[in-house]
Structures are given as C-alpha cells and as structure tokens.
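Colleague: Task: produce atomic coordinates for the following.
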Amino acid sequence: MGGHSHWAGIKHKKAITDAKRGKVWTKIIKEITIAARAGGGKVDENPRLRKAVEDSKAANMPADNVKRAIMRGTGQETGVIYEEITYEAYGPGGIAIIINVTTDNKNRAASEIRKILDTRGGNMGSTGSVGWMFEQKGYLAVKKTDAKEDELMSLVLEIGAEDFRSPADSDVYEVITSPQDFDSVKAKLDEKKVPLASGEVTMLPKNTVDIGEDKAETVLKLMDELEDHEDVQKVFSNFNIPDSVMAKLEK
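Modeller: Next comes the predicted model:
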C-alpha cells in the first residue's frame with residue numbers, strides 16, 4: 001500500500017498546467033468514449049462512465065466535449081475507434097508496473113512505451129508476469145484534518161468498507177472497499193458529508209518494494225513519462241519511496 005499512498009500523494013500535489021490540460025482532456029475523452037461503448041451512454045446506469053464524467057468536471061472540460069465523446073462511444077456519432085490494452089512491465093529495482101492504455105494504434109503505443117521503459121531502466125514483461133502482484137480494490141482517501149480517526153473508522157466499516165488505514169507517513173486516511181461496493185460506500189460517505197480527497201477503483205499492490213536514494217529519481221521520472229504519454233490512461237506500481245528519501249529529492 002505504501003507505494004500507492006506515497007505516489008498518490010506526490011501526484012495530488014502537482015497542479016495541472018495549461019500545457020498539460022489538453023493532454024488530460026484527451027485522456028478523459030478516450031475514457032468516456034470507451035466507457036459509453038462498454039456500458040451505454042446513461043451516466044446513472046454506468047459507474048465507469050459516471051467516474052469519467054466526474055473527472056471531466058474536475059478538469060473543467062466543456063460539457064459539449066463530454067456529450068460528443070459519449071455519442072461517439074454509443075455509435076451516434078462517428079469518430080476514432082479506440083481499443084484498450086494492458087501492458088505489464090518491470091522497472092528499476094525490480095518494481096512491478098501495470099500500464100493501462102487506450103489507443104487507436106496499438107503498434108505505435110507498444111513501441112513508444114517500450115522505448116520509455118528501456119530509457120529508464122525498465123523492460124516490458126509478458127502477460128501475467130506482474131498482474132498477480134496486484135488486486136483490484138476501491139480506494140477512498142479522506143484528509144486527516146477533515147475527520148476524526150475513530151469516528152471515520154467506525155462509520156466506514158459499518159457501511160461496507162473492507163479496511164481502514166491511517167498511515168503514519170500520510171496526511172490522509174485510506175478506506176479500502178471491494179470494487180463492487182465502491183460506489184455504495186462513496187455514496188454513503190457523501191450522504192454523511194465526509195469530504196473525499198480522492199476516490200477510484202484501482203489496482204493496489206499486495207506487497208511493496210522499497211526504493212533507495214540511488215534509484216528513486218529514476219523511478220519517479222519513469223512514472224512521470226509513462227503517465228504523460230497520450231495513450232496511457234493509468235499506471236500502477238508497487239514501489240515505496242521512504243519519506244527520508246523523498247525529502248532529499250524535494251530539496
């Protein structure tokens with residue numbers, strides 16, 4: 001879990017610059033299109049689409065862009081055909097990486113992602129090589145300043161969460177659910193007016209790999225380059241960078 005919370009914390013601190021906003025919008029449009037194609041264009045009946053539309057609002061995307069993406073997904077409007085691919089890979093220090101891609105050209109995507117991995121000391125793995133190291137879970141984060149630990153723990157376990165964590169090295173409480181219970185737990189927290197720092201169905205590592213000062217910067221650069229690729233939707237990894245190492249990198 002450490003790798004997820006450390007890396008999530010780092011990412012949450014990054015502001016979306018104007019230069020990156022266009023790329024963020026492109027990724028969200030792809031996700032909306034795929035979600036609508038897979039589960040229909042009605043937001044209330046399609047959890048994946050609902051999450052993508054929420055992301056579009058958070059990124060200040062115009063409603064027209066969202067509407068057109070949904071229509072392309074349902075076939076009401078013509079457009080590029082995207083396909084989803086999952087790559088499994090290894091990074092510096094033997095870390096495991098799962099890369100979710102949505103692309104209209106899988107040969108180009110594979111070539112470019114392999115190049116990023118090679119440049120940063122990683123390599124592509126075969127299907128199934130690292131997937132077993134992760135499990136799909138709902139993940140909700142609540143800032144420690146926004147809730148009392150005992151009260152929140154009692155509440156989330158009562159409403160169907162699997163686990164509650166309070167990492168000493170993090171400024172958030174972590175609520176873990178099954179993928180199926182994520183929406184209902186999130187909705188009940190909203191009803192109770194518990195402010196969420198973040199929430200998503202994600203891939204959590206079963207165990208983490210500690211990364212020392214010698215490889216930490218390379219690992220973070222690799223993650224940044226993968227996430228920055230226009231075809232990459234999500235990247236999951238099992239690395240953990242201790243606070244003492246992160247403090248040195250941030251100087």
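
Colleague: buried set for stretch 195-204?
Modeller: Buried residues in stretch 195-204, counted by 16 or more other Cβ atoms under 10 Å: 197-204. The way it works is simple: take the backbone N, C-alpha and C, and place the C-beta from them, glycine included.

Colleague: no, scratch that, I was asking about stretch 95-115
Modeller: Within stretch 95-115, the residues that count as buried by 16+ other Cβ under 10 Å are 95-103, 109-110, 112-113.

Colleague: how long is it end to end?
Modeller: 17 Å (Cα to Cα, to the nearest Å).

Colleague: show me where the stretch 1-150 of the chain has helices.
Modeller: When secondary structure is read from DSSP state H, counting those that start in this stretch, the stretch 1-150 of the chain shows helices at 2-12, 18-39, 47-58, 63-74, 106-119, 149-158.

Colleague: re the thing from before, farthest-apart pair in the buried residues of stretch 195-204, please.
Modeller: Farthest-apart pair in the buried residues of stretch 195-204 is Ala197 and Met203; separation 19.0 Å (Cβ to Cβ).

Colleague: Show me the domain layout of this protein.
Modeller: 16-74, 83-132+207-244, 134-205 (automatic domain parsing).

Colleague: need those in TSV with mean pLDDT, can you?
Modeller: Supplementary listing: these in TSV, determined by pLDDT from 0 to 100:
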stretch	mean pLDDT
domain 16-74	88
domain 83-132+207-244	93
domain 134-205	92
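
Colleague: Using a markdown table, lay out those together with distance to Glu250.
Modeller: Output for these, formatted as a markdown table (distance: least, Cβ to Cβ, whole Å):
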| stretch | distance to Glu250 |
| --- | --- |
| domain 16-74 | 19 |
| domain 83-132+207-244 | 10 |
| domain 134-205 | 14 |
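
Colleague: so how far is Lys186 from Leu220?
Modeller: Computed as Cβ to Cβ, to the nearest Å, the Leu220 to Lys186 distance reads 29 Å.

Colleague: out of these two, which sits in the more crowded spot?
Modeller: Neighbour totals were compared for Leu220 and Lys186, and Lys186 leads with 21 against 18 (other Cβ atoms under 10 Å).

Colleague: Hmm, Ser198 and that one touching each other?
Modeller: No - using Cβ atoms under 8 Å, Lys186 makes no contact with Ser198, being 10.8 Å away.

Colleague: of all the buried residues of stretch 95-115, which comes closest to Arg37?
Modeller: Using Cβ to Cβ, Thr102 comes nearest to Arg37 of the buried residues of stretch 95-115, at 10.9 Å.

Colleague: how about the closest one, what does it touch?
Modeller: With contact taken as Cβ atoms under 8 Å, 6 or more residues apart in numbering, Thr102 is in contact with 27, 30-31, 34, 82-85, 231, 233.

Colleague: Pull the number of nearby residues for the residue nearest to it when sequence neighbours are not counted.
Modeller: Excluding the flanking residues, the one nearest Thr102 by Cβ to Cβ, 6 or more residues apart in numbering is Lys30, at 4.4 Å. By other Cβ under 10 Å, 23 other residues sit near Lys30.
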